[in-house]
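Student: From the sequence below, what's the structure:
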Amino acid sequence: MKAYTIHEAGGVENLRVEELPAPLVGEEDVLIQVKAIGINPIDVKTRSGKGLFNLLKNESPLILGWDVAGVIVETGKRVTRVRKGDEVFGMINFPGHGKAYAEYVAAPASHLAVKPANISFPEAAASSLAALTAWQALHAFSPVQKGQRVLVHAAAGGVGHFAVQMAKTMDAWVAGTSSSKNKDFILSLGADVHIDYEAAPLRTQTRDVDFVLDTIGGSTIDSSLEVMKKGAVIVSIPSGSNEMVAEKAKAAGMQGHTFKVSSNGSDMRSIADLLTKGALKPHVSHIFSFQEMRDAHDRMETGRTRGKLIVSVP
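Tutor: Next up, the predicted model:
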């Protein structure tokens with residue numbers, strides 16, 4: 001099979017296509033013929049030597065990627081939930097060695113969900129890491145309640161555009177931040193209010209927020225605390241720029257949490273249910289060919305992606 005490997009951290013030129021044996025399947029694993037791969041910021045960070053690189057640098061070969069959608073071609077003898085021929089999707093082995101940048105990937109069956117019939121393979125791959133992050137963040141600490149005021153930062157991004165839709169399914173009032181060019185997109189997701197972070201300070205544009213999903217970190221934490229109610233919750237995702245969120249929130253009479261997503265098949269099945277019902281719609285901004293993996297990384301590094309980037313596998 002063909003797979004993209006990296007032998008050292010660095011630029012996109014370090015992504016190399018190699019011919020490798022198809023992976024072996026454990027008793028609780030399945031072998032997936034990959035049809036689509038989701039590209040995420042953690043992929044780019046890890047390739048460049050940050051992210052999960054230190055955890056994975058001794059793997060040989062090191063194959064990036066965690067989001068997959070495809071068809072099961074083999075199952076381990078203890079796998080019962082899915083079977084050969086099923087179309088599946090999920091975020092696999094995160095945080096760990098996902099090995100998704102390949103034509104075939106072995107994955108724990110417990111990390112997967114059956115792909116809804118009403119979505120494509122690219123849409124399924126798009127609805128893995130980012131959707132799972134949004135889902136877990138909204139439920140992990142103090143789940144969003146009906147009627148609460150929810151603020152989602154970077155609401156046009158991968159995690160953000162899922163979080164807006166999910167919070168609406170929880171009957172919350174939702175505000176989403178972005179630049180003005182993404183206003184119509186964010187409102188189309190169901191957000192009640194769009195906030196242009198470039199136009200004016202956050203404190204002049206909203207108040208009395210019950211729950212904040214912070215996907216930016218740094219000063220965004222401070223500005224968020226200014227518009228939150230006493231006892232409100234802020235969940236901050238970007239490691240490296242959110243270490244003080246708990247301390248700052250506590251000092252203001254609020255709750256602050258850092259958060260990292262992890263593979264979970266049960267949560268993936270909840271996401272699959274929302275996709276089946278049409279309550280959740282992934283936005284795929286561009287589909288690259290397998291040969292264009294480096295281009296996908298270049299696009300992700302701009303930090304300006306609306307929704308998700310996908311690589312299609314022949």
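Student: Run a quick neighbour tally on the residue nearest to residue 9 when sequence neighbours are not counted.
Tutor: Excluding the flanking residues, the one nearest residue 9 by C-beta to C-beta, 6 or more residues apart in numbering is residue 49, at 3.1 Å. C-beta: built from backbone N, CA, C; applies to glycine. Residue 49 has 14 neighbours, counted by other C-beta atoms under 10 Å.
Student: Then residue 209?
Tutor: 23.
Student: residue ranges of the strands in the stretch 151-300 of the chain, please?
Tutor: 173-178, 193-196, 209-214, 228-236, 255-258, 284-289 (DSSP state E, counting those that start in this stretch).
Student: Sheet partners, orientation included, of the second one?
Tutor: If you go by DSSP bridges, strand 193-196 pairs up with strand 173-178 (parallel).
Student: do the same with the last one
Tutor: In the sheet, strand 284-289 lines up against strand 308-312 (parallel) (DSSP bridges).
Student: Now do the strand it pairs with: everything it contacts.
Tutor: Residues from elsewhere that reach strand 308-312, judged by C-beta atoms under 8 Å, 6 or more residues apart in numbering: 35-39, 101, 121-122, 125-126, 130, 158, 282-290, 292-293, 296, 299-300.
Student: mean confidence for that strand?
Tutor: Taken as a whole, strand 308-312 has an average pLDDT of 98.
Student: do the same with stretch 213-222
Tutor: 96.
Student: count of residues packed around the closest residue to residue 290 other than its chain neighbours?
Tutor: Using C-beta to C-beta, 6+ apart and skipping the chain neighbours, the partner closest in space to residue 290 is residue 313 (5.1 Å). Residue 313 has 22 neighbouring residues, counting by other C-beta under 10 Å.
Student: Quick one: classify residue 69 as helix, strand or coil.
Tutor: Classification of residue 69 using DSSP: H, G, I helix; E, B strand; the rest coil returns strand.
Student: got a list of what it touches?
Tutor: Per C-beta under 8 Å, 6+ apart, neighbours of residue 69: 34-36, 87-89, 115, 121-122, 124-125, 128.
Student: could you say which helix or strand contains the residue nearest to residue 9?
Tutor: If you go by DSSP states H and E, residue 49 is not part of any helix or strand.
Student: Please report phi then psi for it.
Tutor: Backbone dihedrals for residue 49, given as degrees, to the nearest 10, come out at phi 110, psi 0.
Student: got a pLDDT number for it?
Tutor: pLDDT at residue 49 comes out at 97.
Student: how close does it sit to residue 206?
Tutor: Remark: distance between residue 49 and residue 206 (C-beta to C-beta, to the nearest Å) = 38 Å.
Student: Any regions of the stretch 201-314 of the chain where pLDDT drops low?
Tutor: For the stretch 201-314 of the chain, no stretch has pLDDT under 70.
Student: ok, now which ones touch the residue nearest to residue 290?
Tutor: 34-37, 70, 103, 290.
Student: Closest to residue 242 out of those?
Tutor: Checking these against residue 242 by C-beta to C-beta gives residue 37 as the nearest, at 27.4 Å.
Student: Quick check: beta-bridge partners of the closest one?
Tutor: Bridge pairing for residue 37 - DSSP bridges - gives residue 68, residue 311.
Student: And it, how far from residue 24?
Tutor: Distance from residue 37 to residue 24, by C-beta to C-beta: 21 Å.
Student: Now rank the contacts of residue 69 by neighbours and give me the top one.
Tutor: Result: residue 125 is most packed of the contacts of residue 69 (other C-beta under 10 Å), 35 neighbours.
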